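S.K.: sharing a model that was predicted from the sequence below.
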Amino acid sequence: MPVKTTSKTARPSYRCTECGWSTAKWVGRCGECQAWSTVEEVGSTRVVGLRASATGSAPVRPARRISEISSAEVKNRLSTGLTEFDRVLGGGLVPGQVLLLSGEPGAGKSTLLLTTADSVAKSTGRPVLYVSGEESVEQIAVRARRIGATSEHLYLADTNDLAEAIGHLDALGPDVALVIVDSVQTMASGDVEGRAGGVTQVMEVASTLTRLAKSRGIAHCLVGQVTKESTVAGPRALEHVVDTTLALEGDRQTTLRLLRAVKNRYGAADEIACFEQTDAGMVEVPDPSGLFRASREQPVPGTCITVTVEGRRPLIAEIQALVSPTNAPNPRRGVSGLDVSRVGMLIAVTDRIAKVRLYDKDVYAATVGGMRSSDPGSDLAICLAITSAAQEFALPLDVAAIGEVSLSGDIRRVTMLGPRIAEAARLGHRRILAPPGAKEAVSATKAKAAIIEVATIREALEALRALRPDDV
């Protein structure tokens, strides 16, 4: 007996172009993000009955046994030529990988990908296609010449039509090494309704490019715009479609840029890379620890060195504090680069447990070089820097402090304690204050440094006082 199929046309629905919230009828204001005039109708679709699924069509690519799939198909990565970029990706681009790069305007997304495109084109000798929906090819060429991206195998195109972009790819042949689309919110497909950047268009463009990348084995890099909340604009499903999501972060007041892996199907999802934005483009910073500490010949009160962790990379950071007497009934607490609530808690612990009088003084705490850190491993350094500023004594230059401080004044272990101590020792810090058990954590690293284990903040201050006569 033949299987009966039923189908019907779905009722039109409406969806918010900002957050993806859907409703059965049109409204002027989104019920989720409360934005006005962002609810648009989604094109009607055909809904096939459940019984129709019993008659499937012949697949284009038949299913394969897992034993027939060679591991070399995934391990054969394409190096971008940028060591820091490859580090975040897990060793390079996988054939058919779809990467989404997001970041605030002016962070350097286009510059980084243009540098990457030129590097891949030069190293492979294969065509690399850069499609822009925001700039003309003449504008891109000006920036490309400024940063030295002049490879003969780098092709530029400007269009907002998805079909035309795919036509440029077809014209270059099957040997294309990399495709870059800047940005996915500016592209539109004629197969679906809606404006460019809307939920329907973004999902159609991303899905089409993903299917194209998988079927041809060509890596694709998509640029994603962000909202004022620093999240990728468009539907949340966009991040589920792609294989890798990277975020380019950085303060506009500094030239340092951190490339952070948010999602990665082919590598670690907590890696970071460091770049410096210069007139010559994005320059790799393989050892960024020197950017986050001040260089001086003599120690000064109110400073302490610590080691934070960004992703899997330990970074040296200098914590600075200033304590000033005040007659105001409510002393000021100024914080820059650190978590405000956590610094307030550490001030209270230092006052109560370490017996350092701070309730009638203004306290300021900051990091050096525009670094932002919420790592609890810097708690001990913050407490010691505040104490050093309040009591006007300087810590020796070769002393570093690592550890989390609890409300009871105890110093607890933090993650990656061994690599933190090894990084401090590599940069010349020969005496390191660390929580109990630190010597066992660094036995494998063989760090050439004297590890002073302290269980409480009081023990840490006593250890510093024992070091001061010979070093200050």
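M.R.: Received, thanks. Residues are numbered from 1 along each chain as shown.

S.K.: how far does the longest helix along the chain sit from its chain's centre?
M.R.: Assignment by DSSP state H gives helix 199-216 as the longest helix of the chain. In this view, helix 199-216 has its centroid 23 Å away from the chain centroid, taken as CA atoms, centre = their mean, to the nearest Å.

S.K.: quick check: next helix or strand after that helix?
M.R.: Toward the C-terminus, helix 199-216 is succeeded by strand 219-224 as the next helix or strand (DSSP states H and E).

S.K.: helices or strands up against that following strand?
M.R.: strand 98-103, helix 109-124, strand 178-182, helix 199-216 (3 or more CB pairs under 8 Å, 6 or more residues apart in numbering; DSSP states H and E). For every residue, glycine as well, the C-beta is placed using N, CA and C.

S.K.: how big is the angle separating that strand from helix 109-124?
M.R.: Comparing the axes of strand 219-224 and helix 109-124 via axes from the mean of the first three to the mean of the last three CA atoms, to 10 degrees yields an angle of 170 degrees.

S.K.: secondary structure element for the spatially most central residue of the chain?
M.R.: The centroid of the chain falls nearest to Arg260 when counting by CA atoms, centre = their mean (2.2 Å). Here Arg260, judged by DSSP H and E, is contained in strand 256-264.

S.K.: domain assignment for the protein?
M.R.: Residue ranges for the domains of the chain, per automatic domain parsing: 7-48, 74-286, 290-471.

S.K.: closest to Glu68 out of those domains?
M.R.: Across those, Glu68 has its closest neighbour in domain 74-286 (14.0 Å, CB to CB).

S.K.: what's the average pLDDT for the closest one?
M.R.: In this model, domain 74-286 has a mean pLDDT of 89.

S.K.: what does stretch 368-387 give?
M.R.: Over the span of stretch 368-387, the pLDDT mean works out to 91.

S.K.: tell me which residues in it are buried?
M.R.: Neighbour counts over stretch 368-387 (16 or more other CB atoms under 10 Å) mark 368-371, 373, 375-387 as buried.

S.K.: end-to-end on it?
M.R.: Taking CA to CA, to the nearest Å, stretch 368-387 runs 18 Å from one end to the other.

S.K.: mind checking how far it is from the chain centre?
M.R.: 21 Å.

S.K.: and the gap between Thr421 and Gly369?
M.R.: Thr isn't right for residue 421; it's Ile. Ile421 sits 22 Å away from Gly369, going by CB to CB, to the nearest Å.

S.K.: sorry, slip of the keys, the one I care about is Ile66.
M.R.: 49 Å.

S.K.: do Lys361 as well
M.R.: 26 Å.

S.K.: same question for Ala219.
M.R.: 34 Å.

S.K.: which residues touch the residue nearest to the centre of the chain?
M.R.: 88, 246-249, 271-272, 310-311 (CB atoms under 8 Å, 6 or more residues apart in numbering).

S.K.: nearest to Trp21, of the residues you listed?
M.R.: Nearest to Trp21, judged by CB to CB, of the contacts of Arg260 is Ala247 at 23.6 Å.

S.K.: which helix or strand contains that closest one?
M.R.: Counting by DSSP H and E, Ala247 is found in strand 244-249.

S.K.: other SSEs contacting that strand?
M.R.: Against strand 244-249 (3+ CB pairs under 8 Å, 6+ apart) you get strand 98-103, strand 256-264.

S.K.: now the longest one: how far from the chain's centre is it?
M.R.: Per CA atoms, centre = their mean, the displacement of strand 256-264 from the mean C-alpha position of its chain is 3 Å.

S.K.: how about stretch 387-394?
M.R.: That offset, for stretch 387-394, works out to 36 Å (CA atoms, centre = their mean).

S.K.: show me which residues of that stretch are buried.
M.R.: Quick answer for stretch 387-394 (16+ other CB under 10 Å): 387-390, 394.

S.K.: those in helices, which ones?
M.R.: Using DSSP H, the buried residues of stretch 387-394 in helices are 387-390.

S.K.: which positions within the strand ranked longest in the chain qualify as buried?
M.R.: Counting by DSSP state E, the longest strand found in the chain is strand 313-325. Buried residues in strand 313-325, counted by 16+ other CB under 10 Å: 313-323.

S.K.: cool, stretch 83-95 as well?
M.R.: Buried residues in stretch 83-95 (16+ other CB under 10 Å): 84-90, 92-95.

S.K.: and for stretch 130-148?
M.R.: Those would be 130-133, 135, 137, 140, 144, 147, for stretch 130-148 by 16+ other CB under 10 Å.

S.K.: now it - C-alpha only, CSV.
M.R.: Coordinates of each C-alpha in stretch 130-148 appear next as CSV, following Å, rounded to 0.1, in the frame of the first residue of the first chain:
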residue,chain,number,x,y,z
TYR,A,130,38.2,38.2,-0.3
VAL,A,131,34.6,39.3,-0.8
SER,A,132,33.5,42.5,0.9
GLY,A,133,30.0,43.8,1.2
GLU,A,134,31.0,46.9,3.1
GLU,A,135,33.9,48.4,1.0
SER,A,136,34.8,48.7,-2.7
VAL,A,137,37.8,46.8,-4.1
GLU,A,138,39.6,50.2,-4.5
GLN,A,139,39.2,50.9,-0.8
ILE,A,140,40.3,47.4,0.2
ALA,A,141,43.3,47.8,-2.2
VAL,A,142,44.5,51.0,-0.4
ARG,A,143,44.5,49.2,3.0
ALA,A,144,46.1,46.1,1.4
ARG,A,145,49.0,48.1,0.0
ARG,A,146,49.5,49.9,3.4
ILE,A,147,49.9,46.6,5.3
GLY,A,148,51.9,44.9,2.5
